[in-house]
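*Asks:* Fold the following, please.
(one chain, ligands or ions: 2)
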Amino acid sequence: MPSYFLGLDSSTQSLSSILIDLDSGQIQDDRSIQFDRDLPDYKTTNGVYRHPNGDVVHSSPLLWAEALDRLFQQLKKDKLPLGEILAISGSGQQHGSVYMTGNAEKQFREMDLNGSLADNVARVLSRPTSPVWMDNSTSSECAEIREALGGKNAAVAATGSDLFERFTGPQIRKFATEEPGAYRQTGHIALVSSFLSSLVAGQISPIDFGDGAGMNLMDINRLTWHPLALEATAPDLRSKLPALAGSHTHLGVVNPYLVLKYGLNPAAKAVIWSGDNPCSLIGTGLVKPGMTAISLGTSDTLFGAMSECKTDPRGEGHVFGSPAGGYMSLICFKNGSLAREMVKDDYGLDWMAFSKAIRETPVGNDGKLMLPWFDPEIVPRTKAGVHRKKLDKDDIPGNCRAVVEAQMMSMRLHSDWMGDTPTRIYATGGASANQEILQIMANVHNAPVYRQETANGAALGAALRAAHAWTKDTFGDADWEHIVAPFTQPDLESVFTPDPQAVDVYESLVKIYATFESDNLNGG
Ligand code: ADP
Ligand code: XUL
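*Replies:* Ligands and ions are numbered 1, 2, ... in the order given. Okay, here's the model as predicted:
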């Protein structure tokens, strides 16, 4: 008998879903709704609203809610076995926050079936839009909270990360300072993950330890709210935040709204949502320490599971809770897919032509380098500005190769704090469809790169988390490796093996890149 589990992923540009059958070990359905294309009324560009100054980047909680309605409509129309799903979980872009009034709990519990999910949400928003992870407008708030926590090292030790502009704490502080009235009206602050988790569960959802660690508000060792961080961030903050909980927590059965409207199984369990990176960790099968994955989504991230909480002495990286227990390390590059797209679009190319340009250029690009900071960068932390060395702006193929080589060399340089160099890399995210990018990844890191059946690693991870929580709850125990194994086997037909000659080229080039980068960071 099939055992179906649904995983959702509300990411920067899309909402994806993956339906798995745990019994056969097969993915049954894998689909996405693109925000810009499929919900044009919201007028987003790449899923967001950018203020002309570039630093303020928001999106719409109503868009996220409406996408959920749309997705369930499609699943129902396509006759997926919604009535047989045993549990649902999800993944959300990290750090973004949703602001609601004190009526949110009642609204989630008593949803109006005549209105859409977005209509229901609109009644309780105390802030119309949500700052998201691309927002870079809170440097002064970061400085104030960092100082109150005792400086960078103390902040890293307390919360797992230095203060970052996109993290939820600094964003909340900015809102509380700039709009004190609206902040006072706010009775509940959710992350993107806990907001959508609340809609699926029909009640206010806790925040899980994976996504909670991306707020600069959670004590990374005790996994509780950090009193000093709360106090340094905004008045009366504790009363506006939900509880923190483990990533296996199930919140009861799914929202009756979804049962009545879409025919979901009324006994299906709603499992707490997590961040997209913690979910991708599970979706790439990294349930044990010692393996590395790279996600090439809107942001590029490099991450791995850790048994101990080991922080980055440079303060560039992060420690989050792993849904499989213990911790995960992560570095996030803001100039990921959108930087590659910027180069592609600037020269009027499509992905095929971009890839062809890479194939036609030599490994190492004859020493032509780019620092691809189209947007302010997170790692290394720096303002926007694209810098080229020996590379002409009109050299189309040279620029295509340079952006990808730079991204891969930067990942290698800035991940050294995580420990051993990877012996295998698992790739996921939209751009993992691109063979040329994965070959450069393998050569720069001198490690074979594996990819899976789906590029939607976060949605798959959410489905696997639902399956794990349900199995644990039903049988008292659940083995992570056993659950993830059938779904996370790499596709052995498409392994990208490092080429020894190319590896040698990058061994030298990475040192030149490091000098180019540090010269620029030091104002050179
Ligand atoms: P997110 O989950 O953050 O919304 P995805 O993981 O869906 O993002 O990845 C979307 C990105 O994948 C797009 O912005 C696009 O740049 C990139 N992408 C899709 N196909 C290709 C390709 N063939 N080559 C390179 N990048 C691609
Ligand atoms: C991680 C980060 C991004 C977002 C969006 O710290 O900011 O990866 O989770 O994907």
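
*Asks:* pretty sure residue 118 is touching residue 67, no?
*Replies:* No - the criterion here is CB atoms under 8 Å, and residue 118 misses it with residue 67 at 9.1 Å. (C-beta placed from N, C-alpha, C; glycine too.)

*Asks:* Which one's more surrounded, these two?
*Replies:* residue 67 (27 against 19; other CB atoms under 10 Å).

*Asks:* Please, which helix or strand holds the more buried one?
*Replies:* Here residue 67 sits within helix 61-77, counting by DSSP states H and E.

*Asks:* Can I get that helix as PDB, trimmed to CA atoms?
*Replies:* Provided in PDB are the C-alpha atoms of helix 61-77 (Å, rounded to 0.1, in the frame of the first residue of the first chain):
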ATOM      1  CA  PRO A  61       2.800  37.200   2.400                       C
ATOM      2  CA  LEU A  62      -0.500  37.400   0.300                       C
ATOM      3  CA  LEU A  63       1.400  36.100  -2.700                       C
ATOM      4  CA  TRP A  64       2.800  33.200  -0.700                       C
ATOM      5  CA  ALA A  65      -0.600  32.300   0.600                       C
ATOM      6  CA  GLU A  66      -2.200  32.600  -2.800                       C
ATOM      7  CA  ALA A  67       0.500  30.400  -4.400                       C
ATOM      8  CA  LEU A  68      -0.500  27.700  -1.800                       C
ATOM      9  CA  ASP A  69      -4.100  27.900  -2.900                       C
ATOM     10  CA  ARG A  70      -3.100  27.700  -6.600                       C
ATOM     11  CA  LEU A  71      -0.900  24.700  -6.000                       C
ATOM     12  CA  PHE A  72      -3.600  22.800  -4.100                       C
ATOM     13  CA  GLN A  73      -6.000  23.700  -6.900                       C
ATOM     14  CA  GLN A  74      -3.600  22.200  -9.500                       C
ATOM     15  CA  LEU A  75      -2.900  19.100  -7.400                       C
ATOM     16  CA  LYS A  76      -6.700  18.500  -7.100                       C
ATOM     17  CA  LYS A  77      -7.300  19.200 -10.800                       C
END
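
*Asks:* Show me what counts as buried in it.
*Replies:* Of all the residues in helix 61-77, those buried under the rule 16 or more other CB atoms under 10 Å are 61-72, 75.

*Asks:* need those residues in JSON lines with distance to residue 394 and pLDDT, can you?
*Replies:* Below are the buried residues of helix 61-77 laid out as JSON lines (distance: CB to CB, whole Å; pLDDT from 0 to 100):
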{"residue": "61", "distance to residue 394": "43", "pLDDT": "98"}
{"residue": "62", "distance to residue 394": "43", "pLDDT": "98"}
{"residue": "63", "distance to residue 394": "38", "pLDDT": "98"}
{"residue": "64", "distance to residue 394": "41", "pLDDT": "98"}
{"residue": "65", "distance to residue 394": "45", "pLDDT": "98"}
{"residue": "66", "distance to residue 394": "43", "pLDDT": "98"}
{"residue": "67", "distance to residue 394": "40", "pLDDT": "98"}
{"residue": "68", "distance to residue 394": "45", "pLDDT": "98"}
{"residue": "69", "distance to residue 394": "47", "pLDDT": "98"}
{"residue": "70", "distance to residue 394": "43", "pLDDT": "98"}
{"residue": "71", "distance to residue 394": "43", "pLDDT": "98"}
{"residue": "72", "distance to residue 394": "48", "pLDDT": "98"}
{"residue": "75", "distance to residue 394": "48", "pLDDT": "98"}
